[in-house]
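Chemist: I need the structure of the sequence given here:
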Amino acid sequence: MTIPDIHVSKDLSLVNPNDQSISRDLAAQFAERMGQLHMDDQIPPHQSKDWALLKDPVIHTERLDAIRQKKGYIIDMDGVIYHGNNLLPGAKEFVEFLNKNNKKYLFLTNNSAPTPRELQSKLERLGIDVTADHFFTSGQATAYFLKSQMPEGGTVYVIGEPGLAYALYDMGFFMNDHNPDYVVLGESASYNFEKLTKAVQLVQSGAKLIATNLDVETLDSAGRKIPATGAFSAVVELVTKTKAFFCGKPSALIMRYAQRVLGLSRLETCIIGDRMDTDIVAGISSEIDPVLVLSGVTEMPDLAQFAYRPFIILGGVYEIPNEDEKNLVTDSELEEASRRASFL
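Modeler: Numbers count the residues shown, from 1 in each chain. The predicted structure follows:
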């Protein structure tokens, strides 16, 4: 039985993000495409619950309202806010909704290469103006973890880019390629045989192996697959017969750190992402309501591969903004939420 394909990202990347009618038009198009589907005769029974999260008017509306009333948002970037250098429809309006309603939010990325300031500059070029403290990377999560293990600081051998190196420096860790406490692997275009051999030898000599994340692939600017941190980590793991500890998604650790930055409990927070195997499972494992958007890599038929479901499925973040005053979070409510979270 074939399920109709309603994946929308190919259309979204072609839309002018400055068009004020985007959200309304896309929502209407999306609803029309949903209306063409008949749950009973086109969707296999075992997938009906997945599709109910997308098109059942009662479930969808109820859960979307719950998401709109959250105090904190952890937001993936690529596939949610933009594709490459193209802002996705509704992204700007979504950020305006967060600011207008006094929400707390973090843009969370598994990419350890950029600094928060570089990510801020990218969004600024795309038309979204936010401060650098709204960004959190797997490099920062890795630095937080190492600080928790060695509060006095230590030494690291790093294969990575400035974003990772700066995060480690900020937590009191310094570069050492002779006898470091840790070997840390992150995103980089500079991997080669010499560096991987050095990493192997240092781990064999007693350094602990850390990876910012275990993503085995990513895409280049032309949309072609290229190896990512997890692929290079696997090389070192196989040779040294050790397992890398990783801090990025889908680890609940990075979610815990993000919660700490937001100062909110898990019940007052949601995560919005486009990948079932990282964003959604990170929310599941940390008990933070996960929101799947279909503006990235995941399509509805893909959900049959997974034993878990998101809290709700949206066409994109353009579905979230509305003018209901009940979504507004007051300063006193944030202060009270922060006090509650400090005890967790």
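Chemist: Where do the helices of the protein begin and end?
Modeler: Using DSSP state H, the helices of the chain run over 9-12, 22-35, 39-42, 48-55, 57-68, 91-100, 116-125, 138-149, 162-170, 193-204, 229-240, 252-262, 281-286, 331-341.
Chemist: so can I have TSV of these showing distance to Asp215, mean neighbour count and mean pLDDT?
Modeler: (C-beta placed from N, C-alpha, C; glycine too.) Output for the helices of the chain, formatted as TSV (distance: least, CB to CB, whole Å; neighbours: other CB atoms under 10 Å; pLDDT from 0 to 100):
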stretch	distance to Asp215	mean neighbour count	mean pLDDT
helix 9-12	19	16	42
helix 22-35	29	15	51
helix 39-42	34	10	49
helix 48-55	24	18	86
helix 57-68	26	14	95
helix 91-100	22	19	97
helix 116-125	17	16	96
helix 138-149	9	24	97
helix 162-170	14	20	96
helix 193-204	17	16	98
helix 229-240	5	19	97
helix 252-262	13	21	93
helix 281-286	12	22	95
helix 331-341	29	14	89
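Chemist: For Leu108, which of these is the nearest?
Modeler: helix 252-262 (5.8 Å; CB to CB).
Chemist: what sits against the residue nearest to Arg68 when sequence neighbours are not counted?
Modeler: Spatial nearest neighbour of Arg68, excluding adjacent residues (CB to CB, 6 or more residues apart in numbering): Asn327 at 4.8 Å. By CB atoms under 8 Å, 6 or more residues apart in numbering, the contact list for Asn327 reads 68-69, 97, 101.
Chemist: follow-up on the earlier one: output the helices of the chain as JSON lines; include the columns distance to Thr218.
Modeler: As requested, the helices of the chain are exported to JSON lines (distance: least, CB to CB, whole Å):
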{"stretch": "helix 9-12", "distance to Thr218": "16"}
{"stretch": "helix 22-35", "distance to Thr218": "27"}
{"stretch": "helix 39-42", "distance to Thr218": "34"}
{"stretch": "helix 48-55", "distance to Thr218": "26"}
{"stretch": "helix 57-68", "distance to Thr218": "28"}
{"stretch": "helix 91-100", "distance to Thr218": "21"}
{"stretch": "helix 116-125", "distance to Thr218": "16"}
{"stretch": "helix 138-149", "distance to Thr218": "12"}
{"stretch": "helix 162-170", "distance to Thr218": "15"}
{"stretch": "helix 193-204", "distance to Thr218": "18"}
{"stretch": "helix 229-240", "distance to Thr218": "9"}
{"stretch": "helix 252-262", "distance to Thr218": "17"}
{"stretch": "helix 281-286", "distance to Thr218": "17"}
{"stretch": "helix 331-341", "distance to Thr218": "33"}
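Chemist: how near is the residue nearest the centre of the chain to Ile226?
Modeler: For the chain, the residue nearest the mean C-alpha position is Asp76 (3.1 Å; CA atoms, centre = their mean). Look at Asp76 and Ile226: by CB to CB, to the nearest Å, they are 19 Å apart.
Chemist: for Glu336, same thing?
Modeler: On the measure of CB to CB, Glu336 and Ile226 end up 46 Å apart.
Chemist: Same question for Ser285.
Modeler: Taking CB to CB, one finds Ser285 at 27 Å from Ile226.
Chemist: Same question for Leu314.
Modeler: 29 Å.
Chemist: Looking at the two, which is more packed in?
Modeler: Leu314 (25 against 11; other CB atoms under 10 Å).
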